[in-house]
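> Below are the sequence and a predicted model for it; my questions follow.
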Amino acid sequence: MLPYYIEFIKSAPDELTILAGFLKMPDGMMVLFLSPTYCGSLEEGERMLSPLRTFVTLLVDQIQPVAYDALIHAMDAIVPKGRHYFIQTQWLGGLRAETIEVLVEYARQFSSPFSAVALHHFH
């Protein structure tokens, strides 16, 4: 699925960014998430994001218009205050097949349902 994301994002306009990555569900299942943000007209956003709804079977589809304040606070529920967090960032010039394999293997070894790997595409 990440190879599709890589090809999709290559032709994405500056108005679109997608946070992608891996989460461990409470039942232990590993899932790939895509969290797109399109800053443009609703019609163009729907057209631009429609392929993301069809390239795999979705567990949940929450793509919808969101107010700026709600977008800023969208992750608050999964990173509640009071927990201790460690975040490490790394710039990648692109995602090669070998890099994807390493990320998938790393995600399979998560020791906690609160662990995640996130890739954020920037233009």
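Now that the structure is in, tell me what you want to look at.
> Report the buried residues of the helix of greatest length in the chain.
If you go by DSSP state H, the chain has its longest helix at helix 97-108. Buried positions in helix 97-108, judged by neighbour count with 16 or more other C-beta atoms under 10 Å: I100, L103, A107. Heads up, the C-betas are built off the backbone N, CA and C, glycines and all.
> If you count contacts, what does that helix end up packed against?
helix 2-10, strand 16-24, strand 116-120 (3 or more C-beta pairs under 8 Å, 6 or more residues apart in numbering; DSSP states H and E).
> what residue ranges in the protein score low on pLDDT?
For the chain, no stretch has pLDDT under 70.
> For I9, list the residues it contacts.
L16, I18, H121 (C-beta atoms under 8 Å, 6 or more residues apart in numbering).
> who's in contact with the residue lying closest to the second one once chain neighbours are set aside?
Nearest-residue entry for I18: P36, 4.6 Å, with adjacent residues in sequence omitted and distances by C-beta to C-beta, 6 or more residues apart in numbering. Shown here is P36, whose contacts under the criterion C-beta under 8 Å, 6+ apart are L16, T17, I18, L19, L49, L52, I63.
> Quick check on those: which are buried?
If we count by 16+ other C-beta under 10 Å, those have these buried: L16, T17, I18, L49, L52, I63.
> The first one bridge partners, please.
Read it as L16. Y38 (DSSP bridges).
> on that earlier part again, most tightly surrounded among the helices and strands packed on helix 97-108?
Of all the helices and strands packed on helix 97-108, strand 16-24 has the most neighbours on average by mean count of other C-beta atoms under 10 Å, namely a mean of 18.
> contact partners of it?
Against strand 16-24 from outside (C-beta under 8 Å, 6+ apart): 2, 5, 8-9, 12, 30-39, 48-49, 103-104, 107, 110, 112-113, 115-123.
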